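>>> no sequence on this one, just coordinates:
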Ligand SMILES: [Zn+2]
């Protein structure tokens with residue numbers, strides 16, 4: 001289906017050439033969205049078209065089966081036409097019985113999604129639960145290192161449920177992206193933060209986008225949600241390197257010889273990995289069979305610059321048998337309770353700086369993340385001990401700021417800095 005825009009000086013003459021599917025603004029200039037076939041069933045373009053055009057467009061005409069999706073866009077009257085004949089009859093306006101009725105997006109409200117996985121299911125793992133809360137509060141990228149079965153994937157899947165509810169603009173942006181992509185958009189996804197978990201065999205094009213015509217990659221499909229990369233060292237190193245810039249700036253530019261396309265990519269990265277090829281390095285029962293060389297080679301697959309961009313890096317130990325046994329009867333704090341603290345911390349960030357702590361520039365970090373004197377000393381000592389890059393230093397400051405925001409404190413203190421330092425020690429001490 002071809003989709004583009006054209007302008008015309010008069011309304012109502014839509015039936016001659018290609019069907020005109022949107023019309024009308026008060027300025028006398030009418031804007032049309034052209035579709036090759038009004039009965040086409042490619043519903044994925046509907047929301048995208050509507051959103052792109054809704055500035056200055058008051059009416060939008062779409063194939064009947066796509067209209068409810070586009071009706072999500074506020075301020076636009078959306079009409080669904082069964083065929084060209086009914087569209088023309090409506091636009092001619094001569095027969096009152098032929099008028100189409102505006103479509104409402106009620107189908108989306110009536111289609112509640114399944115509840116997201118809940119933190120109440122995660123028993124034990126206090127450190128990991130806390131790290132996930134801090135990551136959610138500041139929008140920080142997160143890396144979990146631990147043996148198979150420690151619960152890394154389970155924790156990752158619960159991050160979207162801790163994030164603040166989507167605003168109207170975010171919900172529309174997410175719906176438009178999914179709607180325009182090959183995976184499409186369903187009512188159950190409305191206002192749900194995306195969670196994308198591509199396999200480690202994914203190509204660079206699959207991850208960051210590409211092909212001809214340009215298709216968004218996983219990092220764009222995860223826009224405003226979570227991108228989960230399990231078994232991180234198993235991804236092609238070149239593919240991982242292509243993620244560095246979009247993770248930093250929240251957008252990706254795909255350049256080919258004939259075209260260049262920008263896609264949004266403001267997602268939160270959650271990565272997981274084993275500590276060594278067999279997965280059991282550091283296991284008290286001595287299950288690891290890897291040589292020190294093979295374990296070191298495994299970790300070297302991740303580049304320093306990529307790790308530098310992951311604010312929170314934690315070890316997730318295997319659950320001791322006693323904790324496993326307690327799982328059946330125990331209950332843990334729910335996602336809803338944690339999400340309230342996350343929302344309060346986010347509100348402080350938005351009020352102070354209009355963005356999450358992860359998104360702060362170096363200069364902004366200096367301005368709003370400076371800890372008190374004791375925190376400053378602790379930070380300097382840790383930086384010298386672990387040989388941090390300037391980038392790593394700023395990452396710790398931002399995480400300390402988030403921890404102080406969760407505590408409702410105006411200035412990060414030594415305890416907040418100390419916790420932030422803990423989140424960068426996994427690789428420092430190997
Ligand atoms: Zn091993």
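Arrived safely, thanks for sending. This structure is a prediction, so every number in the text was calculated from the model and none was measured.
>>> using the three-state scheme, assign the residue of the stretch 101-250 of the chain found nearest the ion.
Nearest residue of the stretch 101-250 of the chain to the ion, counting by C-beta to the ion: residue 147, 8.9 Å away. Just so you know, the C-beta spots here come from the backbone N, C-alpha and C atoms, and that holds for glycine as well. The three-state label given to residue 147 by DSSP: H, G, I helix; E, B strand; the rest coil is coil.
>>> that one touches residue 275, doesn't it?
Yes: between residue 147 and residue 275 there is a contact at 7.0 Å, judged by C-beta atoms under 8 Å.
>>> how about the residue of the stretch 101-250 of the chain closest to the ion, phi and psi?
phi -70, psi 170 (degrees, to the nearest 10).
>>> mind checking how far residue 331 is from residue 133?
17 Å (C-beta to C-beta, to the nearest Å).
>>> the two - which one has more neighbours?
Taking other C-beta atoms under 10 Å, residue 331 and residue 133 do not tie; residue 133 has more neighbours (22 against 9).
>>> contacting residues for the more buried one?
Counting by C-beta atoms under 8 Å, 6 or more residues apart in numbering, residue 133 touches 162, 338, 341-342, 406.
>>> surely residue 173 and residue 266 touch.
No: taking contacts as C-beta under 8 Å, residue 173 lies outside contact range of residue 266: 9.3 Å.
>>> these two: who's more crowded?
When residue 173 and residue 266 are compared for neighbours, residue 266 comes out ahead with 21 against 18, by other C-beta under 10 Å.
>>> can you pull out the strands in the stretch 1-150 of the chain?
Ranges of strands within the stretch 1-150 of the chain are 3-8, 22-23, 30-35, 59-63, 77-81, 142-145, based on DSSP state E, counting those that start in this stretch.
>>> helices or strands next to the last one in the packing?
Looking back up the chat, that one is strand 142-145. Judged by 3 or more C-beta pairs under 8 Å, 6 or more residues apart in numbering; DSSP states H and E, the packing partners of strand 142-145 are helix 126-138, helix 152-157, strand 268-273, strand 312-315.
>>> now do the fifth one
Counting contacts by 3+ C-beta pairs under 8 Å, 6+ apart, the secondary-structure elements packed against strand 77-81 are strand 59-63, helix 67-70, helix 84-92.
>>> strand 59-63 and that strand, what's the angle between them?
Counting by axes from the mean of the first three to the mean of the last three C-alpha atoms, to 10 degrees, strand 77-81 points 30 degrees away from the direction of strand 59-63.
>>> buried set for strand 77-81?
78-81 (16 or more other C-beta atoms under 10 Å).
>>> how about those, which pair is most distant?
In the buried residues of strand 77-81, two members sit farther apart than any others by C-beta to C-beta. They are 78 and 81, at 10.7 Å.
>>> identify the contacts common to these two.
61-62.
>>> residue 197 against residue 231, yeah?
No: if you go by C-beta under 8 Å, residue 197 and residue 231 don't touch, sitting 10.7 Å apart.
>>> thinking again about what came up before, and which of the buried residues of strand 77-81 is nearest to the ion?
Nearest member of the buried residues of strand 77-81 to the ion, counting by C-beta to the ion, is residue 78, at 57.2 Å.
>>> the closest one reaches residue 66, doesn't it?
No: Residue 78 is not in contact with residue 66 according to C-beta under 8 Å; the separation is 9.2 Å.
>>> now the stretch 1-150 of the chain, which segments are flagged as low pLDDT?
1-58, 72-75, 105-113 (pLDDT under 70).
>>> change it to 80
1-78, 101-115 (pLDDT under 80).
>>> how is this structure partitioned into domains?
According to automatic domain parsing, the chain comprises the domains 3-109, 137-331, 336-422.
>>> endpoint to endpoint, the longest one covers what distance?
Using C-alpha to C-alpha, to the nearest Å, the span of domain 137-331 from its first residue to its last is 23 Å.
>>> now that domain, how far from the centre of its chain.
Its chain's average C-alpha position is 10 Å from that of domain 137-331, according to C-alpha atoms, centre = their mean, to the nearest Å.
>>> re earlier: and the helices and strands packed on strand 142-145 as a markdown table, adding distance to residue 385?
Shown next, in a markdown table, are these (distance: least, C-beta to C-beta, whole Å):
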| stretch | distance to residue 385 |
| --- | --- |
| helix 126-138 | 21 |
| helix 152-157 | 27 |
| strand 268-273 | 24 |
| strand 312-315 | 16 |
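>>> what's the most buried one of these?
strand 268-273 (a mean of 25; mean count of other C-beta atoms under 10 Å).
>>> now the angle between helix 126-138 and that one, please.
160 degrees.
>>> partners of strand 268-273 in the sheet?
strand 142-145 (parallel), strand 226-229 (parallel) (DSSP bridges).
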